[in-house]
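Peer 1: next one to model:
(chains A and B)
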Amino acid sequence: MSISWKRTYAVALKDMKEVTRNLFILSTLITPFLFALIFGREADVPLVIHFMIINITFATVTCFVQMALLAEEKERKTLRSLMLSPASGTEIMLGKSAVASAITLLTLVICLQLTGYMPDAPVIYAGLVLSLLFYLLLGMILALFTKSLIEASVLVMPVIFLLGMGNLFFELVEDYSFAFLLEYLPNFQLEYLAAAAGNGESGLLHLGGVAAWTVAAAGCALILYRKRTYLDQ
Amino acid sequence: MQSRAFPLKLRVSNQQKGEYAMIDVTHVYKYFREETALQDLDVHVGKGEIYGFLGPSGSGKTTTIHLLTGQMKPDIGSVTVMGKTGDQLKQPDFLQRIGVMTEATGLYQRLSVMDNLKLAADLYGVKAPEKRINELLALTGLTEASRKRADKLSKGMMQRVLLIRALLHEPELLFLDEPTAALDPASTKKIHEALLEQKENGVTIFLTTHDMEEAEALCDRVAFLHHGSIQKSGVPKELRREHADGSISVELQDGRRYRLIQDEKHADRLAGWMKTGSIAAIQTNVPTLGDIFIEVTGRELV
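Peer 2: Numbering: from 1, shown residues only, chains lettered A, B, ... in the order given. From the prediction side, this is the model:
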(Lines give C-alpha, C1' and ligand atoms only; values in the text may rest on other atoms or scores of the structure.)
Protein backbone atom coordinates (compact mmCIF):
# COMPACT_ATOMS: atom_id res chain seq x y z
CA MET A 1 0.00 0.00 0.00
CA SER A 2 1.63 3.25 -1.14
CA ILE A 3 0.79 6.60 0.38
CA SER A 4 0.80 9.83 -1.55
CA TRP A 5 2.23 12.43 0.83
CA LYS A 6 1.08 15.15 -1.54
CA ARG A 7 -2.54 14.05 -1.14
CA THR A 8 -2.11 13.60 2.60
CA TYR A 9 -0.67 17.11 2.84
CA ALA A 10 -3.53 18.50 0.74
CA VAL A 11 -6.08 17.00 3.17
CA ALA A 12 -4.13 18.27 6.17
CA LEU A 13 -3.81 21.79 4.74
CA LYS A 14 -7.52 21.91 3.95
CA ASP A 15 -8.42 20.75 7.47
CA MET A 16 -6.06 23.25 9.07
CA LYS A 17 -7.71 26.06 7.10
CA GLU A 18 -11.15 24.79 8.12
CA VAL A 19 -10.28 24.44 11.82
CA THR A 20 -8.77 27.91 12.05
CA ARG A 21 -12.06 29.33 10.73
CA ASN A 22 -14.31 27.18 12.91
CA LEU A 23 -14.95 28.95 16.22
CA PHE A 24 -16.95 26.01 17.55
CA ILE A 25 -13.95 23.69 17.34
CA LEU A 26 -11.46 26.36 18.43
CA SER A 27 -13.51 27.05 21.55
CA THR A 28 -12.78 23.55 22.85
CA LEU A 29 -9.12 24.57 23.21
CA ILE A 30 -10.16 26.87 26.05
CA THR A 31 -10.77 23.99 28.49
CA PRO A 32 -7.18 22.72 28.89
CA PHE A 33 -5.83 26.29 28.96
CA LEU A 34 -8.33 27.23 31.68
CA PHE A 35 -7.39 24.26 33.82
CA ALA A 36 -3.68 24.95 33.26
CA LEU A 37 -4.13 28.59 34.24
CA ILE A 38 -6.17 27.76 37.37
CA PHE A 39 -4.07 24.90 38.65
CA GLY A 40 -0.73 26.17 37.37
CA ARG A 41 -0.83 29.07 39.81
CA GLU A 42 -0.16 26.76 42.76
CA ALA A 43 3.39 26.42 43.97
CA ASP A 44 3.51 22.66 44.04
CA VAL A 45 1.20 21.07 41.52
CA PRO A 46 0.73 17.33 42.18
CA LEU A 47 1.28 14.79 39.39
CA VAL A 48 -2.42 13.93 39.29
CA ILE A 49 -3.24 17.51 38.28
CA HIS A 50 -0.54 17.63 35.60
CA PHE A 51 -1.91 14.46 34.05
CA MET A 52 -5.49 15.58 34.43
CA ILE A 53 -4.57 18.56 32.25
CA ILE A 54 -2.75 16.30 29.81
CA ASN A 55 -5.68 13.89 29.63
CA ILE A 56 -8.18 16.73 29.24
CA THR A 57 -6.08 17.98 26.33
CA PHE A 58 -6.21 14.56 24.73
CA ALA A 59 -9.95 14.26 25.27
CA THR A 60 -11.09 17.78 24.34
CA VAL A 61 -8.51 18.52 21.67
CA THR A 62 -7.21 15.30 20.11
CA CYS A 63 -10.37 13.23 20.31
CA PHE A 64 -12.87 16.01 19.72
CA VAL A 65 -11.00 17.72 16.87
CA GLN A 66 -10.64 14.37 15.11
CA MET A 67 -14.35 13.61 15.64
CA ALA A 68 -15.41 17.10 14.65
CA LEU A 69 -13.42 17.12 11.41
CA LEU A 70 -15.04 13.86 10.31
CA ALA A 71 -18.52 14.68 11.60
CA GLU A 72 -18.62 18.01 9.82
CA GLU A 73 -17.47 16.39 6.57
CA LYS A 74 -20.41 14.01 6.85
CA GLU A 75 -22.79 16.83 7.73
CA ARG A 76 -21.67 19.02 4.82
CA LYS A 77 -21.53 16.06 2.39
CA THR A 78 -17.85 16.64 1.61
CA LEU A 79 -16.63 13.27 2.91
CA ARG A 80 -18.24 11.50 -0.02
CA SER A 81 -16.36 13.67 -2.53
CA LEU A 82 -13.11 12.90 -0.69
CA MET A 83 -13.84 9.19 -0.87
CA LEU A 84 -14.66 9.43 -4.57
CA SER A 85 -11.23 10.97 -5.21
CA PRO A 86 -8.03 8.93 -5.63
CA ALA A 87 -7.13 9.76 -2.00
CA SER A 88 -7.19 6.52 -0.02
CA GLY A 89 -8.81 6.17 3.39
CA THR A 90 -5.32 6.00 4.92
CA GLU A 91 -4.26 9.26 3.28
CA ILE A 92 -7.46 11.00 4.41
CA MET A 93 -7.10 9.80 7.99
CA LEU A 94 -3.39 10.63 8.10
CA GLY A 95 -4.14 14.15 6.90
CA LYS A 96 -6.84 14.68 9.49
CA SER A 97 -4.75 13.11 12.25
CA ALA A 98 -1.88 15.44 11.39
CA VAL A 99 -4.09 18.45 12.11
CA ALA A 100 -5.48 17.07 15.38
CA SER A 101 -1.94 16.06 16.44
CA ALA A 102 -0.44 19.46 15.62
CA ILE A 103 -3.10 21.30 17.61
CA THR A 104 -2.71 18.82 20.49
CA LEU A 105 1.07 19.27 20.61
CA LEU A 106 0.78 23.04 20.61
CA THR A 107 -1.84 22.94 23.38
CA LEU A 108 0.19 20.50 25.45
CA VAL A 109 3.38 22.55 25.18
CA ILE A 110 1.59 25.73 26.28
CA CYS A 111 -0.31 24.00 29.11
CA LEU A 112 2.78 22.29 30.46
CA GLN A 113 4.65 25.61 30.36
CA LEU A 114 1.84 27.14 32.42
CA THR A 115 1.88 24.34 35.01
CA GLY A 116 5.66 24.03 35.01
CA TYR A 117 5.77 20.30 34.29
CA MET A 118 8.40 18.79 32.03
CA PRO A 119 8.46 14.99 31.61
CA ASP A 120 11.95 13.77 32.29
CA ALA A 121 11.88 10.13 31.26
CA PRO A 122 11.73 8.66 27.74
CA VAL A 123 9.07 6.19 28.88
CA ILE A 124 6.74 9.10 29.71
CA TYR A 125 7.18 10.53 26.22
CA ALA A 126 6.46 7.06 24.82
CA GLY A 127 3.27 6.99 26.90
CA LEU A 128 2.26 10.41 25.63
CA VAL A 129 2.78 9.36 22.01
CA LEU A 130 0.75 6.18 22.49
CA SER A 131 -1.97 8.17 24.25
CA LEU A 132 -2.07 10.63 21.35
CA LEU A 133 -2.55 7.71 18.97
CA PHE A 134 -5.24 6.21 21.18
CA TYR A 135 -7.29 9.40 21.30
CA LEU A 136 -6.91 9.94 17.52
CA LEU A 137 -8.27 6.44 16.96
CA LEU A 138 -11.03 6.96 19.53
CA GLY A 139 -12.03 10.13 17.72
CA MET A 140 -12.20 8.20 14.43
CA ILE A 141 -14.32 5.46 15.99
CA LEU A 142 -16.77 7.85 17.65
CA ALA A 143 -17.06 9.87 14.43
CA LEU A 144 -18.67 6.83 12.80
CA PHE A 145 -21.62 7.30 15.13
CA THR A 146 -22.09 11.02 14.59
CA LYS A 147 -23.71 12.81 11.69
CA SER A 148 -23.04 16.39 12.72
CA LEU A 149 -20.80 18.66 14.74
CA ILE A 150 -23.47 19.06 17.43
CA GLU A 151 -23.78 15.29 17.83
CA ALA A 152 -19.99 15.06 18.10
CA SER A 153 -19.94 17.68 20.85
CA VAL A 154 -22.49 15.63 22.82
CA LEU A 155 -20.86 12.25 22.23
CA VAL A 156 -17.45 13.51 23.40
CA MET A 157 -18.78 14.49 26.86
CA PRO A 158 -18.40 11.01 28.43
CA VAL A 159 -14.87 10.89 27.02
CA ILE A 160 -14.04 14.24 28.62
CA PHE A 161 -15.48 13.28 32.00
CA LEU A 162 -14.22 9.72 32.18
CA LEU A 163 -10.92 9.86 30.34
CA GLY A 164 -10.19 13.56 30.76
CA MET A 165 -11.17 14.26 34.34
CA GLY A 166 -11.47 10.73 35.67
CA ASN A 167 -8.20 11.02 37.60
CA LEU A 168 -9.54 14.03 39.49
CA PHE A 169 -12.81 12.43 40.52
CA PHE A 170 -11.41 9.01 41.39
CA GLU A 171 -11.37 9.79 45.11
CA LEU A 172 -15.14 10.25 45.01
CA VAL A 173 -15.74 6.72 43.76
CA GLU A 174 -12.77 4.74 45.11
CA ASP A 175 -14.91 3.11 47.79
CA TYR A 176 -17.20 1.54 45.19
CA SER A 177 -16.54 -2.03 44.02
CA PHE A 178 -16.16 -1.03 40.36
CA ALA A 179 -13.55 1.63 41.14
CA PHE A 180 -10.62 -0.71 40.54
CA LEU A 181 -11.72 -1.10 36.92
CA LEU A 182 -11.25 2.62 36.33
CA GLU A 183 -7.56 2.29 37.11
CA TYR A 184 -7.10 0.22 33.96
CA LEU A 185 -8.29 3.07 31.75
CA PRO A 186 -5.59 4.71 29.58
CA ASN A 187 -5.71 8.02 31.48
CA PHE A 188 -4.94 6.29 34.77
CA GLN A 189 -2.29 4.10 33.18
CA LEU A 190 -0.55 7.20 31.82
CA GLU A 191 -0.55 8.87 35.22
CA TYR A 192 0.74 5.71 36.93
CA LEU A 193 3.44 5.40 34.27
CA ALA A 194 4.68 8.91 35.10
CA ALA A 195 4.50 8.19 38.83
CA ALA A 196 6.50 4.98 38.39
CA ALA A 197 9.12 6.76 36.27
CA GLY A 198 9.31 9.50 38.91
CA ASN A 199 10.01 6.86 41.58
CA GLY A 200 12.86 5.38 39.56
CA GLU A 201 10.85 2.41 38.29
CA SER A 202 10.67 1.41 34.63
CA GLY A 203 6.94 2.10 34.18
CA LEU A 204 6.87 -0.50 31.39
CA LEU A 205 3.86 -2.29 32.85
CA HIS A 206 1.75 0.84 32.62
CA LEU A 207 3.23 1.69 29.22
CA GLY A 208 2.01 -1.74 28.15
CA GLY A 209 -1.43 -0.81 29.49
CA VAL A 210 -1.58 2.32 27.32
CA ALA A 211 -0.23 0.36 24.35
CA ALA A 212 -2.92 -2.30 24.78
CA TRP A 213 -5.64 0.34 24.64
CA THR A 214 -4.06 1.83 21.53
CA VAL A 215 -3.84 -1.53 19.77
CA ALA A 216 -7.46 -2.32 20.71
CA ALA A 217 -8.59 1.05 19.36
CA ALA A 218 -6.63 0.47 16.15
CA GLY A 219 -8.26 -2.92 15.70
CA CYS A 220 -11.75 -1.53 16.30
CA ALA A 221 -11.18 1.36 13.92
CA LEU A 222 -9.92 -0.97 11.18
CA ILE A 223 -12.86 -3.36 11.52
CA LEU A 224 -15.49 -0.63 11.71
CA TYR A 225 -14.14 1.32 8.75
CA ARG A 226 -13.79 -1.79 6.58
CA LYS A 227 -17.41 -2.62 7.31
CA ARG A 228 -18.52 0.86 6.25
CA THR A 229 -16.82 0.81 2.85
CA TYR A 230 -20.11 0.84 0.98
CA LEU A 231 -22.95 3.35 1.34
CA ASP A 232 -25.54 0.71 2.17
CA GLN A 233 -23.56 -0.93 4.99
CA MET B 1 -42.09 -8.38 1.56
CA GLN B 2 -41.52 -8.47 -2.18
CA SER B 3 -40.30 -11.77 -3.59
CA ARG B 4 -36.61 -11.90 -4.37
CA ALA B 5 -36.56 -15.12 -6.34
CA PHE B 6 -33.56 -15.37 -8.60
CA PRO B 7 -34.62 -14.35 -12.13
CA LEU B 8 -34.94 -17.60 -14.05
CA LYS B 9 -35.49 -16.11 -17.48
CA LEU B 10 -32.81 -14.25 -19.35
CA ARG B 11 -33.99 -10.98 -20.78
CA VAL B 12 -32.24 -9.99 -23.93
CA SER B 13 -31.20 -6.42 -23.62
CA ASN B 14 -32.84 -4.10 -26.07
CA GLN B 15 -30.06 -1.58 -25.54
CA GLN B 16 -27.78 -0.67 -28.36
CA LYS B 17 -24.22 -1.68 -27.44
CA GLY B 18 -21.38 0.63 -28.39
CA GLU B 19 -18.24 -0.69 -30.02
CA TYR B 20 -16.52 -0.30 -26.67
CA ALA B 21 -18.80 -0.34 -23.70
CA MET B 22 -17.73 2.26 -21.14
CA ILE B 23 -20.58 1.12 -18.92
CA ASP B 24 -21.94 -2.39 -18.85
CA VAL B 25 -24.76 -3.08 -16.42
CA THR B 26 -26.25 -6.55 -16.80
CA HIS B 27 -29.33 -7.93 -15.02
CA VAL B 28 -28.76 -5.83 -11.94
CA TYR B 29 -31.03 -5.99 -8.91
CA LYS B 30 -30.59 -3.84 -5.84
CA TYR B 31 -32.63 -4.15 -2.67
CA PHE B 32 -32.88 -1.95 0.40
CA ARG B 33 -34.50 -3.91 3.21
CA GLU B 34 -38.03 -4.49 1.90
CA GLU B 35 -37.76 -2.19 -1.08
CA THR B 36 -36.58 -3.13 -4.57
CA ALA B 37 -34.63 -0.11 -5.77
CA LEU B 38 -33.53 -1.59 -9.11
CA GLN B 39 -34.85 -4.61 -10.96
CA ASP B 40 -33.33 -6.32 -13.95
CA LEU B 41 -31.42 -3.22 -15.02
CA ASP B 42 -29.53 -3.44 -18.30
CA VAL B 43 -27.50 -0.46 -19.45
CA HIS B 44 -24.72 -0.27 -22.03
CA VAL B 45 -23.04 3.05 -22.76
CA GLY B 46 -20.48 3.49 -25.52
CA LYS B 47 -17.45 5.74 -25.56
CA GLY B 48 -18.14 9.41 -26.20
CA GLU B 49 -21.89 9.15 -25.63
CA ILE B 50 -24.06 11.32 -23.48
CA TYR B 51 -26.49 8.87 -21.92
CA GLY B 52 -29.48 10.17 -20.00
CA PHE B 53 -31.42 8.41 -17.27
CA LEU B 54 -34.86 9.99 -17.01
CA GLY B 55 -37.12 9.28 -14.11
CA PRO B 56 -39.02 10.87 -11.24
CA SER B 57 -37.64 11.08 -7.72
CA GLY B 58 -37.32 7.66 -6.17
CA SER B 59 -37.10 5.80 -9.48
CA GLY B 60 -33.55 4.55 -8.85
CA LYS B 61 -31.40 7.08 -10.71
CA THR B 62 -29.12 7.96 -7.81
CA THR B 63 -28.86 4.31 -6.77
CA THR B 64 -27.65 3.54 -10.29
CA ILE B 65 -24.95 6.18 -10.03
CA HIS B 66 -23.92 4.78 -6.65
CA LEU B 67 -23.49 1.35 -8.26
CA LEU B 68 -21.54 2.73 -11.20
CA THR B 69 -19.14 4.67 -8.97
CA GLY B 70 -18.45 1.79 -6.59
CA GLN B 71 -20.33 3.28 -3.65
CA MET B 72 -22.69 0.31 -3.60
CA LYS B 73 -22.57 -3.24 -4.86
CA PRO B 74 -25.44 -4.89 -6.77
CA ASP B 75 -27.27 -7.71 -5.00
CA ILE B 76 -27.69 -9.60 -8.27
CA GLY B 77 -26.05 -8.96 -11.63
CA SER B 78 -22.86 -7.27 -12.71
CA VAL B 79 -21.62 -3.73 -13.10
CA THR B 80 -18.56 -3.10 -15.25
CA VAL B 81 -17.25 0.40 -15.84
CA MET B 82 -14.32 0.90 -18.21
CA GLY B 83 -13.50 -2.77 -17.80
CA LYS B 84 -13.43 -2.57 -13.99
CA THR B 85 -15.83 -4.29 -11.65
CA GLY B 86 -16.47 -4.97 -7.94
CA ASP B 87 -13.78 -3.65 -5.60
CA GLN B 88 -11.79 -2.36 -8.59
CA LEU B 89 -14.31 0.52 -8.68
CA LYS B 90 -12.84 1.78 -5.41
CA GLN B 91 -9.22 1.78 -6.56
CA PRO B 92 -7.36 5.08 -7.10
CA ASP B 93 -6.55 4.29 -10.74
CA PHE B 94 -10.26 3.94 -11.51
CA LEU B 95 -11.32 6.98 -9.47
CA GLN B 96 -8.67 9.00 -11.30
CA ARG B 97 -10.46 8.34 -14.59
CA ILE B 98 -13.96 9.37 -13.52
CA GLY B 99 -15.54 12.64 -12.44
CA VAL B 100 -18.59 12.67 -10.19
CA MET B 101 -21.04 15.45 -9.51
CA THR B 102 -23.95 14.58 -7.25
CA GLU B 103 -25.90 16.31 -4.53
CA ALA B 104 -23.93 14.23 -2.02
CA THR B 105 -20.60 15.85 -3.01
CA GLY B 106 -20.53 19.28 -1.41
CA LEU B 107 -17.99 22.08 -1.15
CA TYR B 108 -16.04 23.16 1.92
CA GLN B 109 -18.11 26.13 2.99
CA ARG B 110 -15.40 28.07 4.82
CA LEU B 111 -12.94 27.81 1.94
CA SER B 112 -12.96 29.93 -1.19
CA VAL B 113 -13.85 28.56 -4.63
CA MET B 114 -10.15 28.61 -5.53
CA ASP B 115 -9.17 26.74 -2.34
CA ASN B 116 -11.84 24.10 -2.95
CA LEU B 117 -10.64 23.58 -6.51
CA LYS B 118 -6.95 23.60 -5.54
CA LEU B 119 -7.68 20.83 -3.05
CA ALA B 120 -9.35 18.79 -5.78
CA ALA B 121 -6.44 19.50 -8.12
CA ASP B 122 -3.97 18.24 -5.50
CA LEU B 123 -6.01 15.13 -4.79
CA TYR B 124 -6.14 14.28 -8.50
CA GLY B 125 -2.55 15.28 -9.24
CA VAL B 126 -3.55 17.87 -11.85
CA LYS B 127 -0.55 19.38 -13.62
CA ALA B 128 -0.46 23.19 -13.78
CA PRO B 129 -3.54 23.36 -11.53
CA GLU B 130 -3.99 27.13 -11.48
CA LYS B 131 -4.00 27.29 -15.29
CA ARG B 132 -6.52 24.47 -15.53
CA ILE B 133 -8.73 25.95 -12.82
CA ASN B 134 -8.73 29.37 -14.47
CA GLU B 135 -9.61 27.82 -17.84
CA LEU B 136 -12.62 26.06 -16.38
CA LEU B 137 -13.69 29.08 -14.35
CA ALA B 138 -13.68 31.11 -17.58
CA LEU B 139 -15.62 28.37 -19.42
CA THR B 140 -18.37 28.45 -16.79
CA GLY B 141 -18.36 32.21 -16.26
CA LEU B 142 -17.04 32.06 -12.71
CA THR B 143 -13.69 33.90 -12.97
CA GLU B 144 -14.95 36.79 -10.83
CA ALA B 145 -16.13 34.39 -8.12
CA SER B 146 -12.86 32.53 -7.60
CA ARG B 147 -12.05 34.28 -4.30
CA LYS B 148 -15.57 34.00 -2.90
CA ARG B 149 -16.20 31.70 0.04
CA ALA B 150 -18.27 28.71 -0.92
CA ASP B 151 -21.01 29.60 1.57
CA LYS B 152 -21.53 32.90 -0.26
CA LEU B 153 -22.26 31.27 -3.62
CA SER B 154 -25.71 31.06 -5.19
CA LYS B 155 -27.03 27.59 -6.01
CA GLY B 156 -26.25 28.08 -9.69
CA MET B 157 -22.67 29.11 -8.97
CA MET B 158 -22.22 26.20 -6.56
CA GLN B 159 -23.39 23.70 -9.17
CA ARG B 160 -20.95 25.16 -11.67
CA VAL B 161 -18.08 24.89 -9.18
CA LEU B 162 -19.04 21.27 -8.50
CA LEU B 163 -18.96 20.64 -12.24
CA ILE B 164 -15.53 22.27 -12.52
CA ARG B 165 -14.32 20.05 -9.72
CA ALA B 166 -15.57 16.99 -11.61
CA LEU B 167 -13.82 18.15 -14.81
CA LEU B 168 -10.49 19.35 -13.37
CA HIS B 169 -8.55 16.15 -13.91
CA GLU B 170 -9.90 15.56 -17.46
CA PRO B 171 -11.82 12.38 -16.68
CA GLU B 172 -12.76 9.91 -19.39
CA LEU B 173 -16.17 9.32 -17.84
CA LEU B 174 -18.44 11.77 -16.05
CA PHE B 175 -21.29 10.91 -13.71
CA LEU B 176 -23.75 13.75 -13.17
CA ASP B 177 -26.74 13.36 -10.90
CA GLU B 178 -29.31 16.02 -11.83
CA PRO B 179 -26.65 18.59 -12.71
CA THR B 180 -29.07 21.45 -13.32
CA ALA B 181 -31.76 20.72 -10.75
CA ALA B 182 -33.43 23.91 -9.49
CA LEU B 183 -31.09 26.13 -11.50
CA ASP B 184 -31.93 29.32 -13.37
CA PRO B 185 -31.90 29.19 -17.20
CA ALA B 186 -28.60 31.12 -17.48
CA SER B 187 -26.73 28.71 -15.19
CA THR B 188 -28.35 25.74 -16.92
CA LYS B 189 -27.17 27.03 -20.30
CA LYS B 190 -23.61 27.47 -19.03
CA ILE B 191 -23.56 23.92 -17.73
CA HIS B 192 -24.99 22.51 -20.95
CA GLU B 193 -22.35 24.36 -22.98
CA ALA B 194 -19.60 22.97 -20.76
CA LEU B 195 -20.97 19.43 -21.12
CA LEU B 196 -21.26 19.63 -24.88
CA GLU B 197 -17.67 20.81 -25.05
CA GLN B 198 -16.64 17.79 -22.97
CA LYS B 199 -18.49 15.52 -25.39
CA GLU B 200 -16.55 17.08 -28.28
CA ASN B 201 -13.39 16.19 -26.36
CA GLY B 202 -14.47 12.54 -26.31
CA VAL B 203 -15.67 12.40 -22.71
CA THR B 204 -18.47 9.92 -22.00
CA ILE B 205 -21.23 11.34 -19.85
CA PHE B 206 -23.82 9.47 -17.81
CA LEU B 207 -26.36 11.86 -16.42
CA THR B 208 -29.61 11.54 -14.55
CA THR B 209 -32.34 14.09 -14.84
CA HIS B 210 -36.06 14.60 -14.61
CA ASP B 211 -35.85 17.54 -17.01
CA MET B 212 -36.91 16.21 -20.40
CA GLU B 213 -35.78 19.38 -22.19
CA GLU B 214 -32.30 18.86 -20.81
CA ALA B 215 -32.38 15.25 -21.99
CA GLU B 216 -33.46 16.31 -25.49
CA ALA B 217 -30.81 19.03 -25.63
CA LEU B 218 -27.87 16.91 -24.47
CA CYS B 219 -28.41 13.19 -24.76
CA ASP B 220 -27.48 10.85 -27.57
CA ARG B 221 -29.61 8.16 -25.94
CA VAL B 222 -32.03 8.17 -23.06
CA ALA B 223 -33.64 5.56 -20.85
CA PHE B 224 -36.87 5.97 -18.92
CA LEU B 225 -36.54 4.61 -15.42
CA HIS B 226 -39.63 3.83 -13.39
CA HIS B 227 -39.86 1.77 -10.22
CA GLY B 228 -36.26 0.69 -10.69
CA SER B 229 -36.48 -0.73 -14.19
CA ILE B 230 -36.02 0.67 -17.67
CA GLN B 231 -39.38 1.01 -19.41
CA LYS B 232 -38.12 2.39 -22.70
CA SER B 233 -34.82 3.52 -24.18
CA GLY B 234 -33.40 4.86 -27.40
CA VAL B 235 -32.34 7.94 -29.34
CA PRO B 236 -34.62 10.86 -28.42
CA LYS B 237 -35.50 11.75 -32.04
CA GLU B 238 -36.31 8.15 -32.87
CA LEU B 239 -38.43 7.76 -29.75
CA ARG B 240 -40.39 10.86 -30.63
CA ARG B 241 -40.90 9.64 -34.20
CA GLU B 242 -41.93 6.20 -32.98
CA HIS B 243 -44.53 7.64 -30.62
CA ALA B 244 -45.81 10.30 -32.99
CA ASP B 245 -49.38 9.65 -34.04
CA GLY B 246 -48.88 11.30 -37.43
CA SER B 247 -51.34 14.08 -36.66
CA ILE B 248 -50.89 17.76 -37.43
CA SER B 249 -52.13 20.86 -35.64
CA VAL B 250 -53.72 23.61 -37.65
CA GLU B 251 -54.48 27.10 -36.39
CA LEU B 252 -56.81 29.18 -38.49
CA GLN B 253 -56.81 32.94 -38.91
CA ASP B 254 -59.90 33.24 -36.73
CA GLY B 255 -58.13 31.52 -33.85
CA ARG B 256 -59.76 28.11 -34.12
CA ARG B 257 -57.43 25.16 -33.71
CA TYR B 258 -57.76 21.66 -35.12
CA ARG B 259 -55.88 18.41 -34.72
CA LEU B 260 -56.05 16.36 -37.89
CA ILE B 261 -54.93 12.86 -38.73
CA GLN B 262 -53.09 12.76 -42.04
CA ASP B 263 -55.58 10.90 -44.23
CA GLU B 264 -57.62 11.52 -47.35
CA LYS B 265 -60.66 12.84 -45.54
CA HIS B 266 -58.73 15.48 -43.65
CA ALA B 267 -56.57 16.27 -46.67
CA ASP B 268 -59.66 17.66 -48.41
CA ARG B 269 -60.47 19.79 -45.42
CA LEU B 270 -56.90 21.06 -45.27
CA ALA B 271 -56.88 21.80 -48.96
CA GLY B 272 -60.09 23.76 -48.52
CA TRP B 273 -58.55 25.95 -45.87
CA MET B 274 -55.45 26.45 -47.98
CA LYS B 275 -57.55 27.52 -50.97
CA THR B 276 -59.25 30.18 -48.86
CA GLY B 277 -56.04 31.30 -47.15
CA SER B 278 -57.53 30.52 -43.73
CA ILE B 279 -54.46 28.88 -42.21
CA ALA B 280 -52.41 30.90 -39.73
CA ALA B 281 -50.07 28.13 -38.59
CA ILE B 282 -49.50 24.45 -39.21
CA GLN B 283 -47.18 21.96 -37.50
CA THR B 284 -46.65 18.23 -37.09
CA ASN B 285 -47.46 16.86 -33.64
CA VAL B 286 -44.37 15.20 -32.25
CA PRO B 287 -44.54 14.17 -28.60
CA THR B 288 -41.98 15.39 -26.11
CA LEU B 289 -39.99 12.95 -24.05
CA GLY B 290 -42.24 13.90 -21.16
CA ASP B 291 -45.32 12.89 -23.20
CA ILE B 292 -43.65 9.59 -24.07
CA PHE B 293 -42.75 9.02 -20.42
CA ILE B 294 -46.39 9.51 -19.39
CA GLU B 295 -47.54 7.20 -22.18
CA VAL B 296 -45.05 4.48 -21.25
CA THR B 297 -45.23 4.68 -17.45
CA GLY B 298 -48.61 6.20 -16.80
CA ARG B 299 -47.20 8.97 -14.63
CA GLU B 300 -45.49 12.32 -15.00
CA LEU B 301 -41.76 12.79 -14.99
CA VAL B 302 -41.66 15.21 -12.06
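Peer 1: so what's A:Lys17 up against?
Peer 2: B:Arg110, B:Leu111, B:Asp115 (C-beta atoms under 8 Å, 6 or more residues apart in numbering or on different chains). Every residue, glycine included, has its C-beta placed from N, CA and C.
Peer 1: now those in a markdown table, please, with extra columns for secondary structure, distance to chain A and neighbour count.
Peer 2: Output for the contacts of A:Lys17, formatted as a markdown table (DSSP: H, G, I helix; E, B strand; the rest coil; distance: C-beta to the nearest C-beta, whole Å; neighbours: other C-beta atoms under 10 Å in any protein chain shown):
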| residue | secondary structure | distance to chain A | neighbour count |
| --- | --- | --- | --- |
| B:Arg110 | coil | 4 | 18 |
| B:Leu111 | coil | 6 | 20 |
| B:Asp115 | helix | 7 | 20 |
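Peer 1: count the neighbours of B:Phe224 for me.
Peer 2: When neighbours are defined as other C-beta atoms under 10 Å in any protein chain shown, B:Phe224 has 24 of them.
Peer 1: for it, give me phi and psi.
Peer 2: Main-chain torsions, B:Phe224, degrees, to the nearest 10: phi -90, psi 120.
Peer 1: also B:Ile133?
Peer 2: As for B:Ile133, its main-chain torsions (degrees, to the nearest 10) stand at phi -60, psi -50.
Peer 1: so what's the residue lying closest to it once chain neighbours are set aside up against?
Peer 2: The spatial neighbour of B:Ile133 that comes closest, neighbours along the chain excluded (C-beta to C-beta, 6 or more residues apart in numbering or on different chains), is B:Leu117 at 4.8 Å. By C-beta under 8 Å, 6+ apart, B:Leu117 lies in contact with B:Pro129, B:Ile133, B:Leu136, B:Leu137, B:Val161, B:Ile164, B:Arg165, B:Leu168.
Peer 1: look up how far B:Leu195 lies from the second one.
Peer 2: So the one you mean is B:Ile133. Shown here: B:Ile133 relative to B:Leu195, a distance of 18 Å by C-beta to C-beta, to the nearest Å.
Peer 1: likewise the third one?
Peer 2: The spacing between B:Leu136 and B:Leu195, counted by C-beta to C-beta, is 12 Å.
Peer 1: helices or strands up against the lowest-mean-pLDDT helix or strand in chain A?
Peer 2: Counting by mean pLDDT, DSSP states H and E, chain A has its least confident helix or strand at helix A:166-173, which shows a mean of 77. In this structure, helix A:166-173 makes packing contacts with helix A:47-57, helix A:179-182, helix A:186-198, judged by 3 or more C-beta pairs under 8 Å, 6 or more residues apart in numbering or on different chains; DSSP states H and E.
Peer 1: list the buried ones in that helix?
Peer 2: For helix A:166-173, a neighbour-count test (16 or more other C-beta atoms under 10 Å in any protein chain shown) marks A:Gly166, A:Asn167, A:Leu168, A:Phe170 as buried.
Peer 1: TSV please, covering the helices and strands packed on helix A:166-173 and showing mean neighbour count and distance to chain B.
Peer 2: Below are the helices and strands packed on helix A:166-173 laid out as TSV (neighbours: other C-beta atoms under 10 Å in any protein chain shown; distance: least, C-beta to the nearest C-beta, whole Å):
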stretch	mean neighbour count	distance to chain B
helix A:47-57	24	24
helix A:179-182	12	39
helix A:186-198	23	33
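Peer 1: got the ones you listed as JSON lines, with mean pLDDT columns?
Peer 2: Putting the helices and strands packed on helix A:166-173 into JSON lines (pLDDT from 0 to 100) gives the following:
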{"stretch": "helix A:47-57", "mean pLDDT": "92"}
{"stretch": "helix A:179-182", "mean pLDDT": "80"}
{"stretch": "helix A:186-198", "mean pLDDT": "92"}
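Peer 1: what about the strands in the stretch 101-250 of chain B?
Peer 2: For the stretch 101-250 of chain B, applying DSSP state E, counting those that start in this stretch gives strands covering B:173-177, B:204-209, B:221-226, B:229-234, B:247-252.
Peer 1: right, and these - which one's nearest chain A?
Peer 2: strand B:173-177 (9.1 Å; C-beta to the nearest C-beta).
Peer 1: show me what from chain A comes close to chain B.
Peer 2: Neighbours of chain B within chain A, by C-beta under 8 Å from any C-beta of the partner chain: A:4, A:6-7, A:9-11, A:13-14, A:17-18, A:21-22, A:76-78, A:80-82, A:84-88, A:229-232.
Peer 1: the residues you listed, buried ones only, as a PyMOL selection?
Peer 2: Restricted to buried positions by 16+ other C-beta under 10 Å, the PyMOL selection for the residues of chain A next to chain B reads:
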select buried, chain A and resi 4+7+10+11+13+14+17+18+22+76+78+80+81+82+84+85+86+87+88+231
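Peer 1: how far away is the residue nearest to B:Ile133 from B:Leu142?
Peer 2: B:Leu117 sits 10 Å away from B:Leu142 when distances are taken as C-beta to C-beta.
Peer 1: give me the common contacts of these two.
Peer 2: B:Val161, B:Ile164.
Peer 1: list the buried residues for the longest helix along chain A?
Peer 2: The longest helix of chain A (DSSP state H) is helix A:89-115. Residues A:91-101, A:103-104, A:107-108, A:111-112, A:114-115 are the ones in helix A:89-115 that count as buried (16+ other C-beta under 10 Å).
Peer 1: next structured bit after it?
Peer 2: helix A:122-143 (DSSP states H and E).
Peer 1: nothing else from me, thank you.
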